[in-house]
Structure formats: structure tokens, C-alpha cells
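Undergrad: Whatever this is, show me its structure:
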Amino acid sequence: MRLSKREELSVRPIGKTELTVTSLGFGGAPIGGVGTRISDEQAADIVQVAWDGGMRYFDTAPLYGHGLSERRLGRALSAMPRDEFVLSSKVGRLLVPAADGERDPIRDNEPLAVNYDYSYDAARASLEASLTRLGLDRLDIVYCHDIDIWTHGDEQPGIYAQALKGVLPALNDLRAQGVIKAFGLGVNEWRVCDQVMDHFDVDVCLLAGRFTLLEQEPLDTFLPRCLREGTSIVIGGPFNSGLLANSERKRATYDYKPVDDARWAKSQAIRRVCESHGVDIRAAAMQYPLRHPAVSAVIPGCWKTSEVTTNLELFFGEYCRCLVDRSCSRRAFASHRKSLGLRFFWLVGGEGCLKRNRTVVVPKALCKHLSTRMSTFALPIRVLQRCIL
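TA: I've put the predicted structure just below:
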């Protein structure tokens, strides 16, 4: 699908760099992780549909299909003007012969495995290997991949200490040398990003599934810090690894595992609220993180052209604009927000709405509840409060 000029994806900056990314990007994990369930030609078609839809930010990693995602994505992007897109990959895992490393539970048939290596020299070695697989001349963003407890468990403190002295200084040096334009972390937990920011000027953090319709823990302290320090956030897994995209329990996963009863019940409560207002939960899931000014992009993964097309259609669903009444004082609005709960305020408009005369974007289906009066503006937030808090 090709977008009209009116529907073009907006672009947002990455940290304090000159890079900008489209607000909807392409998560490259599935085109590698599904292995031979799709062909190289089908993978190229998926990337082409994303490109035709206006996406200009593409993310991948050596882990995804043990190099298969990088090869497929690089092959598809080689036909595109290199200065017209932003490309990111990750370091921290070196690909080695299958007998010499660990095989991640991914459905590819590549004769390779991974060795975790967060040393200084491994960062450059991994970068060079990624460029070879991609067949491209450069990466714009490089993430230090998975130095969190979620990945390493009890071994995480040692992994973190190695990264602090190894791969992170290496990425900092590569940025200073102009080899890459930005660096950061690609992780499943926000706290390790907060720790690293105490030591390095991080451009961007890619958080997988940690700031979504389902969970907003980074909202209270971490995202405000990112705003203060000029660190951007990219949201991977906006559907929480499929939980927010599936209405059937047997198909739903959370953090790539069968979902527990509590999270399943919560996700379905959110779904019912969205449906009661004529809003597709997947559209809300993609749009919600972007309401926060620290978030530069969401990058859902797709392994079918139909999934890319659907995401684009949902992303450009009908929205309208309403103006906050200038008679509502900042103090009154802040007080009313506090009584409802901070987390819901973000869903409708974001912290910028505390300023008078700010235009906010809300789903068209919710507009029947809105007027220029503060009490009616808050109604959809109160409805959502029951299931998200």
C-alpha cells in the first residue's frame, strides 16, 4: 500500500543526533526467526510492502534466525537508496559454528549458534560480521543486546560488569569515530538502561514490551529521565509478544511464553474497553507509546505481507483533534489528572496536555465523549482506569 501525502509517517529524532526515524518502523526478528516457513523472496516482499507503506526505520540482530534476518533484510534493502533509511542491529552475541555455541529456540535451520561476548573487541567483530551478512556499507544505530536479568538471570551482574568495561565503551568509541551515528541498549527491562545511563551518554534504548497498553512501569521515573537527558526510546513488541494482538487464549503469549491467567484477564479487559469505543486494540497498542514525547518509534515485527498492511491500516485509523479549553487552568487540570491516575492521562494525550491550548490526538470513536470541558474530557480515561491500573 502506498500512502498519500496526507498519510505519510511522521519522523522523530534519535536522541541528540541528526538521525530521524519514522514513527512506525520494521522489526526484523520474525523474518529470521521463522526460518524456512517463508522463502527469501517472501521476506523481500514483506520488506518491500513496509517500504511502500512509508517505513524508513529497520531493525535486526544477529540473534534473529542466527543471521538469517540480517541477510534477508540486507538483501531487500540493497535496492533502496541508502541515505533514505535508518538501519540498526545489535552486538553482544557472536555467531559461531553450531557445535561451538548455544542454539536459541528459534525456528531457523542455520548451521550456527551464539556465544555471548560483551568484550571491547567483540563489539567491532560483531559489527563487521553484521555488515558482511547485510551486504551494506554501514549501520546507523548499534544496540548492546540483552544485558538484562530477563536474559541472563543470576549471571546478569557479571554480564553487566563485562559490558560496562567492554562493549559499551567500544560503542561509545565507534560513535566518536563516526563509524556509527548512535548507540544504545536493546533489552527487555528498563532498569538496566537506567543504570547504563549513569555511565554513558546513551542515544537510544530499544525496550521490548515494557511500555505498552499492558504495562507502564517506566513511566514514573525512567521516561522522564530520558526526556531530561535527550535519550530516545524505541518500543519493540508493542503487542507484548502477541498478547494484545490475539483474542484466542491458545495463541496468546507474553514474553514469548504461554500467558498467565492474570495478564490474560487484564488484556481482555483492555480489549473490551477498546471495542466498546470502536477502537481496535492493535491500533491502540501501536499508538499508545507514541503519545509519550520520549518515544521515537514503535517497531512491531511481521512475517507476512498481510501483517504489514494491517499494521499500516490500523496505524492510520481515523483520528480527530480537539482543543483543551483555555478556561481549564494548569493547576485544575493537574489536580483532576492526579485523581484519575497518571497512567491514563498518557493514553489520551500525554503530559503536554497540561499546557493550555495544546492540541491532542484521540481516536475518533472517543470524540462523542469529549467537549471543551475538563470533566467530559476525562470520561474515557475514567472508563479505562478500571482495567489498566
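Undergrad: Okay, and the beta partners of the residue positioned nearest the centre of the chain?
TA: Centroid check for the chain by C-alpha atoms, centre = their mean gives Ile235 as the closest residue, at 1.7 Å. For Ile235, the beta-bridge partners are Leu207, Val298 (DSSP bridges).
Undergrad: how far away is it from Arg291?
TA: 11 Å (C-beta to C-beta, to the nearest Å). To be clear about C-beta, it is placed using only N, CA and C from the backbone, and glycine gets the same treatment.
Undergrad: Ok, Ala122 next?
TA: Separation of Ala122 from Arg291 (C-beta to C-beta): 37 Å.
Undergrad: How about Cys144?
TA: For Cys144 relative to Arg291 (C-beta to C-beta), the value is 27 Å.
Undergrad: more crowded one of those two?
TA: The neighbour count for Cys144 versus Arg291, taken as other C-beta atoms under 10 Å, is higher for Cys144 (28 against 19).
Undergrad: In this structure that one contacts Leu171, no?
TA: Yes: with contacts counted by C-beta atoms under 8 Å, Cys144 reaches Leu171, the gap being 6.4 Å.
Undergrad: Now do the shared contacts for those two.
TA: Val91, Phe183 (C-beta atoms under 8 Å, 6 or more residues apart in numbering).
Undergrad: from memory Cys126 sits against Arg93, does it?
TA: Actually, residue 126 is Ser rather than Cys. Yes: look at Ser126 against Arg93 with C-beta under 8 Å: they come within range, at 7.3 Å.
Undergrad: Common neighbours of these two, please.
TA: Residues touching both Ser126 and Arg93 (C-beta under 8 Å, 6+ apart): Pro62, Asp117.
Undergrad: Would you confirm that the residue nearest to the centre of the chain contacts Thr212?
TA: Yes: using C-beta under 8 Å, Ile235 is in contact with Thr212, at 7.3 Å.
Undergrad: Check the contact lists of these two and give me the overlap.
TA: Taking C-beta under 8 Å, 6+ apart as the criterion, Ile235 and Thr212 both touch Pro289.
Undergrad: so which helix or strand takes in Leu243?
TA: Element membership of Leu243, judged by DSSP states H and E, is empty: it is in no helix or strand.
Undergrad: Count the neighbours of it for me.
TA: Look at Leu243: counted by other C-beta under 10 Å, it has 26 neighbours.
Undergrad: contacting residues for it?
TA: By C-beta under 8 Å, 6+ apart, Leu243 lies in contact with Leu214, Ala252, Thr253, Tyr254, Val259, Arg263, Trp264, Ser267.
Undergrad: if you set the cut-off to 10 Å instead, what comes out?
TA: Neighbouring residues of Leu243 by C-beta atoms under 10 Å, 6 or more residues apart in numbering: 209, 212-214, 237, 249, 251-255, 259, 263-264, 266-268, 270, 285.
Undergrad: likewise Lys181?
TA: 14-15, 17-19, 86, 88, 138-142, 174-175, 203.
Undergrad: Give the buried subset of the residues you listed as a ChimeraX selection command.
TA: In ChimeraX syntax, the buried subset of the contacts of Lys181 is picked out as below (16 or more other C-beta atoms under 10 Å):
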select :14,15,17,19,86,88,139,140,141,142,174,175,203
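Undergrad: Determine which two of the contacts of Lys181 are furthest apart.
TA: Taking C-beta to C-beta as the measure, the contacts of Lys181 span a maximum distance of 17.9 Å, between Gly15 and Arg138.
Undergrad: so how far is Phe58 from the nearest residue to Asn109 once chain neighbours are set aside?
TA: Among residues not flanking Asn109 along the chain, Gly35 sits closest, at 5.5 Å (C-beta to C-beta, 6 or more residues apart in numbering). Between Gly35 and Phe58 the computed distance is 19 Å (C-beta to C-beta).
Undergrad: domains of this protein?
TA: Using automatic domain parsing, the domain parsing of the chain gives 5-238+288-317, 320-388.
Undergrad: Can you list phi and psi of Val202 for me?
TA: Phi and psi for Val202, reported as degrees, to the nearest 10, are phi -80, psi 130.
Undergrad: Tell me how many other residues crowd it.
TA: Using other C-beta under 10 Å, Val202 has 25 other residues around it.
Undergrad: Asp45 now?
TA: Neighbourhood size, Asp45 [other C-beta under 10 Å]: 16.
Undergrad: Ok, Leu68 next?
TA: 26.
Undergrad: now swap in Trp303 and tell me
TA: Neighbours of Trp303 under the rule other C-beta under 10 Å: 18.
Undergrad: dump the residue contacts of it.
TA: Going by C-beta under 10 Å, 6+ apart, Trp303 touches Gly28, Ala29, Pro30, Ile31, Gly32, Gly33, Val34, Arg37, Ile38, Gln42, Ala43, Ile46.
Undergrad: can you check Ile299 too?
TA: Applying C-beta under 10 Å, 6+ apart, the residues near Ile299 are 21-29, 55, 57-59, 88, 206, 208, 234-238, 286.
Undergrad: quick one: it and Asp198, what's the gap?
TA: For Ile299, the distance to Asp198 - C-beta to C-beta - is 26 Å.
Undergrad: Where does pLDDT dip in the chain?
TA: For the chain, residues meeting the criterion pLDDT under 70 lie at 1-7, 318-389.
Undergrad: about what we covered before: and the residue nearest to Asn109, how many neighbours does it have?
TA: When neighbours are counted by other C-beta under 10 Å, Gly35 registers 15.
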